[in-house]
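Asks: Output the structure for:
(one chain, ligands or ions: 1)
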Amino acid sequence: MSELSRGNRWLQRLGDGMRRHASVIRAAQWLVVVFYAVLLVLPAMLPLPDSQARLLDNLTLLAQFLFWGIWWPFVLLSMVLFGRLWCGVLCPEGTLSEWASHYGKGLGIPRWLRWGGWPTLAFCLTTLYGQLISVYDYAQAALLILGGSTLAAVGVGLLFARGKRVWCRYLCPVSGVFALLARLAPVHFQVDEPRWKANAGPRLPPPTARPCWISGVCAAPVTVMPAAGAADNATRYA
Ligand code: SF4
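Replies: Next up is the predicted model:
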């Protein structure tokens, strides 16, 4: 058996296990949401650290380190290694937007929102504004930029299509960058629809988005693919 097919079988087992244990993934997602909220909100309520403050005895500095020194590089690295796995499994903003969409108005996706330039425009504006207000240095600035983005994601979830990640598909400021990085990934996380349908219960409707974004539900078989194949699939939507 070639290394590729052995790797695929192992990953398919992993994907099937994720599908069967979607509730564990959902629980992990909400843990990430809580962790994200604590890291974002608590430091913004504390006074600025003085010049003697150190990482281990100051929550603001610790949160900055965890956010920008560990969390963000980990997310970028995960894109290069596993494609959009972060988006489908752990991203707190995607989780919250999807959760909100279940309770939303379901107004339908307006035409202006489908404009393909929103993620790039939003990425440029938030990066520029983030630099102007020193988002890496001040917890209030991070709360404004990241918290504002999360509130917008929840708002979009509440307004438009039910049970779908409209924010992720059309608006998320980092989705363009992530899609580019995911092109490099040797392992690609997506729905394999024939395998999904062929699976024994629990029978869930096949997810409709590629790459796989519907949390937990979308934990479908993952596949080792050559980079070019991964690139094709990363930009394809059902
Ligand atoms: S597209 Fe953006 S908001 Fe959606 S899951 Fe990915 S990183 Fe999170």
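
Asks: Close to the ligand: what parts of the chain are there?
Replies: Contact residues (CB under 6 Å from any ligand atom) of the chain with the ligand: 87, 91, 93-94, 153, 165, 167-168, 172, 174-175, 178. From N, CA and C alone the C-beta is placed, and that goes for glycine too.

Asks: low-confidence ranges in the chain?
Replies: The chain contains residues with pLDDT under 70 at 1-4, 189-238.

Asks: center of it, which residue is that?
Replies: The structure's the chain has its C-alpha centroid closest to Cys87; by CA atoms, centre = their mean the separation is 2.6 Å.

Asks: following the strand or helix carrying it, which helix or strand comes up?
Replies: Using DSSP states H and E, Cys87 sits within helix 85-89. Remark: after helix 85-89, the chain's next helix or strand is helix 92-101, criterion DSSP H and E.

Asks: list the helices and strands that following helix packs on?
Replies: Applying 3 or more CB pairs under 8 Å, 6 or more residues apart in numbering; DSSP states H and E, one finds that helix 92-101 contacts helix 22-45, helix 148-159.

Asks: would you turn those helices into JSON lines with mean neighbour count?
Replies: Below are the helices and strands packed on helix 92-101 laid out as JSON lines (neighbours: other CB atoms under 10 Å):
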{"stretch": "helix 22-45", "mean neighbour count": "16"}
{"stretch": "helix 148-159", "mean neighbour count": "19"}
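
Asks: and Leu77, which of those is closest to it?
Replies: Nearest to Leu77 among these is helix 22-45; the distance by CB to CB comes to 16.4 Å.

Asks: could you check the angle helix 148-159 makes with that closest one?
Replies: Counting by axes from the mean of the first three to the mean of the last three CA atoms, to 10 degrees, helix 22-45 lies at 130 degrees to helix 148-159.

Asks: re the thing from before, of the residues of the chain next to the ligand, just say which sits nearest to Phe123.
Replies: For the residues of the chain next to the ligand, the nearest to Phe123 is Val174 (6.5 Å; CB to CB).

Asks: one step back: so which of the helices and strands packed on helix 92-101 comes closest to Ala142?
Replies: helix 22-45 (6.5 Å).

Asks: Using CSV, write out the CA atom coordinates for the closest one.
Replies: The C-alpha coordinates for helix 22-45 follow below in CSV (Å, rounded to 0.1, in the frame of the first residue of the first chain):
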residue,chain,number,x,y,z
ALA,A,22,-19.6,15.8,16.5
SER,A,23,-20.8,16.6,20.1
VAL,A,24,-17.2,16.5,21.4
ILE,A,25,-16.2,18.9,18.6
ARG,A,26,-19.1,21.2,19.5
ALA,A,27,-18.0,21.1,23.2
ALA,A,28,-14.5,22.0,22.2
GLN,A,29,-15.7,24.9,20.1
TRP,A,30,-17.6,26.4,23.0
LEU,A,31,-14.5,26.0,25.2
VAL,A,32,-12.5,27.9,22.6
VAL,A,33,-15.3,30.6,22.5
VAL,A,34,-15.0,31.0,26.3
PHE,A,35,-11.2,31.1,26.2
TYR,A,36,-11.3,33.7,23.3
ALA,A,37,-13.8,35.8,25.3
VAL,A,38,-11.7,35.7,28.4
LEU,A,39,-8.5,36.6,26.5
LEU,A,40,-10.2,39.4,24.7
VAL,A,41,-12.4,41.0,27.4
LEU,A,42,-10.6,40.6,30.7
PRO,A,43,-7.4,42.4,29.8
ALA,A,44,-9.3,45.3,28.3
MET,A,45,-10.9,45.9,31.7
